[in-house]
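Novice: Return a 3D structure for these sequence lines:
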Amino acid sequence: MLRMRVFTGSSLFQELQGDWQELARTSSSATPFQTHEWHSTWCKHYLRAKRPLVIAYYQGDDLVGLMPMVEGIAPWRTLRPMGVGPSDYLHPLTRDGFESSVAEKLAADFAEMRKIDLIDLHQVRETRALAEAMKGTVIEQATCLLLDLPTTYEAYLQTLGKSLRYDVRKLDKTLFVSGKAAIEPVGQGQTDQGLEILFEQHQKRWRARQGVLGVGAFVGPSAAFHREWAPIAAKNGWLWLSILKYEGNPIGAIYAMAVGATVYYYQAGFDPAMGSVSPGTLLVAATIRRSIEEGKAHFDFMRGDEPYKRRWKPQHILRNLRFLAPSDGLRGRLGSQWNLSGSRVESRVRARLEGKGLL
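Specialist: Have a look, this model is predicted:
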């Protein structure tokens with residue numbers, strides 16, 4: 001029988017740090033978005049007036065699962081996952097072998113929280129145990145594409161279409177052999193400069209499609225969050241940030257993270273005026289090649305079903321789900337209806353942006 005303990009207050013990250021980090025190191029369910037470092041950084045930039053809490057599960061004295069949450073109190077008391085916004089996956093972090101038992105206990109405990117009007121879970125991948133255990137209104141929130149990697153890069157190239165394979169092979173042609181173009185990984189101590197290039201190139205891509213109103217993903221607290229997160233990720237060996245330079249000038253950047261056997265493709269940007277060089281294609285290809293060479297098993301394109309991602313032949317098309325589980329009271333029903341309406345608007349906006357290849 002699992003024992004639940006709820007951690008609250010500003011000291012929760014200190015109390016849980018060692019056990020949380022150890023659980024993330026050993027769990028196959030861990031992504032960057034389940035780590036202690038991601039959530040503690042998120043709270044500094046996104047928490048605002050909400051109350052942080054972590055629901056932890058123990059078998060004896062051993063931590064076997066945890067779910068970071070935040071509680072909002074107006075206009076109805078709502079419990080949501082910590083990390084909403086910049087996080088692509090928000091399932092519980094569990095010790096291997098405990099995913100189902102933690103998910104079932106968590107869902108049952110949610111149902112017993114009488115002082116909460118609405119449980120509002122985001123970005124739960126359909127294959128996770130929590131997706132099976134939760135009750136309530138289910139909303140398809142995002143589509144995620146996942147590529148299983150072969151053992152050699154050449155074997156992978158043979159799966160691609162002819163035109164994409166032609167562009168990808170530019171990495172080994174005169175442009176790069178001569179030094180006219182180069183892809184440079186960003187190391188520790190260089191994250192500020194690397195992110196500024198990423199932000200600039202990402203904005204160029206958005207403005208080319210959206211005009212002067214195109215600002216991209218790194219606005220509001222997002223830029224500050226990633227400026228603080230990136231050096232932490234680099235120190236832990238998770239950050240795969242690379243810059244594409246042409247004749248010494250940056251023309252593109254890719255922002256990925258590697259945790260366990262998977263590389264997570266988070267964002268990218270490139271100068272559309274340099275389309276003849278195929279900067280976006282080359283950055284993705286170089287990152288996939290590095291993933292294979294370092295023995296990774298998966299390349300996760302994460303949220304967004306943009307057409308260009310399909311060209312890389314991902315074998316898995318998976319849904320991220322949102323669950324709205326209201327209480328029996330009036331405020332719970334109102335909260336569920338309000339959030340359901342907002343989710344429909346969000347889905348229409350996302351479909352429009354995915355169609356333009358902007359996510």
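Novice: what's the closest non-adjacent residue to residue 165?
Specialist: Excluding its sequence neighbours, the residue lying closest to residue 165 (C-beta to C-beta, 6 or more residues apart in numbering) is residue 157, at 5.6 Å. (Glycine included, C-beta is placed from N, CA and C.)
Novice: Could I get the contacting residues of the nearest residue to residue 62 once chain neighbours are set aside?
Specialist: Nearest non-adjacent residue to residue 62, counting by C-beta to C-beta, 6+ apart: residue 95, 7.7 Å away. Residue 95 is in contact with 23, 26, 27, 62, 63, 64, 65, counting by C-beta atoms under 8 Å, 6 or more residues apart in numbering.
Novice: Could you give the number of residues near the residue nearest to residue 165?
Specialist: Residues within reach of residue 157, counting by other C-beta atoms under 10 Å, total 16.
Novice: Need the per-residue pLDDT for it.
Specialist: For residue 157, the model assigns a pLDDT of 97.
Novice: ok, residue 185 - how many residues close by?
Specialist: Around residue 185 there are 14 residues (other C-beta under 10 Å).
Novice: Dig out what it forms beta bridges with.
Specialist: Note on residue 185: beta-bridge partners by DSSP bridges are residue 242.
Novice: Kindly report the same for residue 79.
Specialist: Here residue 79, judged by DSSP bridges, has bridge partners residue 71, residue 119.
Novice: Give me the distance between it and residue 46.
Specialist: For residue 79, the distance to residue 46 equals 16 Å [C-beta to C-beta, to the nearest Å].
Novice: between these two, who's got more neighbours?
Specialist: Set residue 79 next to residue 46 and count neighbours by other C-beta under 10 Å: residue 79 wins out with 23 against 20.
Novice: Among the contacts of residue 95, which ones are in strands?
Specialist: 62, 63, 64, 65 (DSSP state E).
Novice: Without its sequence neighbours, what residue ends up closest to the last one?
Specialist: Put plainly, it is residue 65. Once flanking residues are discounted, residue 65 sits nearest to residue 102: 3.4 Å by C-beta to C-beta, 6+ apart.
Novice: Surely that neighbour is in contact with residue 58?
Specialist: No. Here residue 102 lies out of contact with residue 58, judged by C-beta atoms under 8 Å, at a distance of 10.5 Å.
Novice: Compare these two (neighbour count), which wins?
Specialist: Neighbours per residue, other C-beta under 10 Å: of residue 102 and residue 58, the larger number sits with residue 102, 28 against 15.
Novice: Correct me if wrong, but the more buried one is in a helix.
Specialist: Yes. Counting by DSSP: H, G, I helix; E, B strand; the rest coil, residue 102 falls inside a helix.
Novice: longest helix anywhere in the protein?
Specialist: helix 330-355 (DSSP state H).
Novice: for that helix, the distance to its chain's centre please.
Specialist: Here helix 330-355 shows a centroid-to-chain-centroid distance of 20 Å under the convention C-alpha atoms, centre = their mean, to the nearest Å.
Novice: Stretch 291-299 now?
Specialist: 18 Å.
Novice: Now the terminal residues of that stretch, how far apart.
Specialist: Start-to-end span of stretch 291-299 (C-alpha to C-alpha, to the nearest Å) is 7 Å.
Novice: What of stretch 306-318?
Specialist: Using C-alpha to C-alpha, the end-to-end distance of stretch 306-318 comes out at 14 Å.
Novice: same check, this time on stretch 24-44
Specialist: Stretch 24-44 end-to-end distance (C-alpha to C-alpha) = 21 Å.
Novice: In contact with residue 217, which residues are there?
Specialist: Going by C-beta under 8 Å, 6+ apart, residue 217 touches 202, 267.
Novice: Tell me where the model's unsure across the stretch 251-359 of the chain.
Specialist: Across the stretch 251-359 of the chain, the ranges flagged by pLDDT under 70 are 349-359.
Novice: so where do the helices sit in it?
Specialist: Here the stretch 251-359 of the chain has its helices, by DSSP state H, counting those that start in this stretch, at 279-293, 307-310, 330-355.
Novice: Just the pLDDT for residue 24.
Specialist: According to the model, residue 24 scores 98 on pLDDT.
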